[in-house]
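>>> what follows is a predicted protein model with its sequence.
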Amino acid sequence: MLKSRIAGVLAAAVAAFGLTLVTAPSASAIEGVWKPWNNGWVTECGTTKTHRITTNASFQACFIIGSGSYVQPVLVVKNNATSAIRLKGSVTSTYGTPVYCPDTFLSAGQRTTCMGTTEALRPGDNFGWGLLDLWDNGGWHRDGTRDAHMNG
């Protein structure tokens with residue numbers, strides 16, 4: 001009786017641990033935040049692109065240039081529509097850790113940024129890029145940016 005009880009407890013523990021492994025976020029991914037665009041940032045940006053499903057959402061990858069030789073990749077999104085849009089996104093760079101920004105709404109006429117990790121500008125080519133998912137007709141639609149590029 002005791003052996004079957006221990007076996008049952010162990011089985012439950014293994015099942016719970018297995019579920020944790022399946023549902024836990026990747027250790028190599030970071031949950032990011034959306035922040036309003038700041039016109040005072042010094043940036044280097046890739047080409048602005050409209051999302052493949054609507055001209056009402058434009059986006060681009062940029063590097064915010066900090067003091068010293070530090071940069072931060074960001075995905076910049078502008079809502080050109082007269083109503084709110086639902087979005088989520090991600091941003092990464094040649095040397096950074098991918099950052100995923102959660103599902104949110106962006107008001108009409110507003111601009112927001114999904115902030116990547118701050119990193120040292122490396123010698124040679126440094127690239128930043130982002131993915132933008134828009135919600136429409138009951139599903140998510142993904143599009144990607146052109147690269148932001150900085151030479152270190």
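Perfect, thanks for sending it.

>>> what residues does Asp136 make contact with?
Residues counted as contacts of Asp136 (CB atoms under 8 Å, 6 or more residues apart in numbering) are Ile53, Thr54. Where you see a C-beta, it was placed from the backbone N, CA and C, and this is true even at glycine.

>>> how far is stretch 88-95 from where the chain is centred?
Taking the mean of its C-alpha atoms, stretch 88-95 sits 5 Å from the chain's own mean (CA atoms, centre = their mean, to the nearest Å).

>>> same question but for stretch 80-93, I mixed them up
Centre-to-centre, stretch 80-93 and its host chain are 10 Å apart (CA atoms, centre = their mean).

>>> and stretch 78-96, by the same measure?
Offset of stretch 78-96 from its chain centre (CA atoms, centre = their mean): 8 Å.

>>> output that stretch as PDB, restricted to C-alpha atoms.
Only the C-alpha atoms of stretch 78-96 are listed here, as PDB (Å, rounded to 0.1, in the frame of the first residue of the first chain):
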ATOM      1  CA  LYS A  78       2.400  53.800 -35.700                       C
ATOM      2  CA  ASN A  79      -1.400  53.500 -35.900                       C
ATOM      3  CA  ASN A  80      -2.600  55.500 -38.900                       C
ATOM      4  CA  ALA A  81      -6.200  54.300 -38.500                       C
ATOM      5  CA  THR A  82      -9.100  56.300 -37.000                       C
ATOM      6  CA  SER A  83      -9.700  53.600 -34.400                       C
ATOM      7  CA  ALA A  84      -7.500  51.400 -32.100                       C
ATOM      8  CA  ILE A  85      -5.600  48.400 -33.500                       C
ATOM      9  CA  ARG A  86      -4.700  45.200 -31.600                       C
ATOM     10  CA  LEU A  87      -1.100  44.100 -31.900                       C
ATOM     11  CA  LYS A  88       1.800  42.200 -30.400                       C
ATOM     12  CA  GLY A  89       5.400  42.000 -31.500                       C
ATOM     13  CA  SER A  90       9.000  41.100 -31.000                       C
ATOM     14  CA  VAL A  91      12.400  42.700 -31.500                       C
ATOM     15  CA  THR A  92      15.900  41.400 -31.600                       C
ATOM     16  CA  SER A  93      19.400  42.200 -33.000                       C
ATOM     17  CA  THR A  94      22.600  40.600 -34.100                       C
ATOM     18  CA  TYR A  95      23.900  40.400 -30.500                       C
ATOM     19  CA  GLY A  96      20.800  40.800 -28.400                       C
END
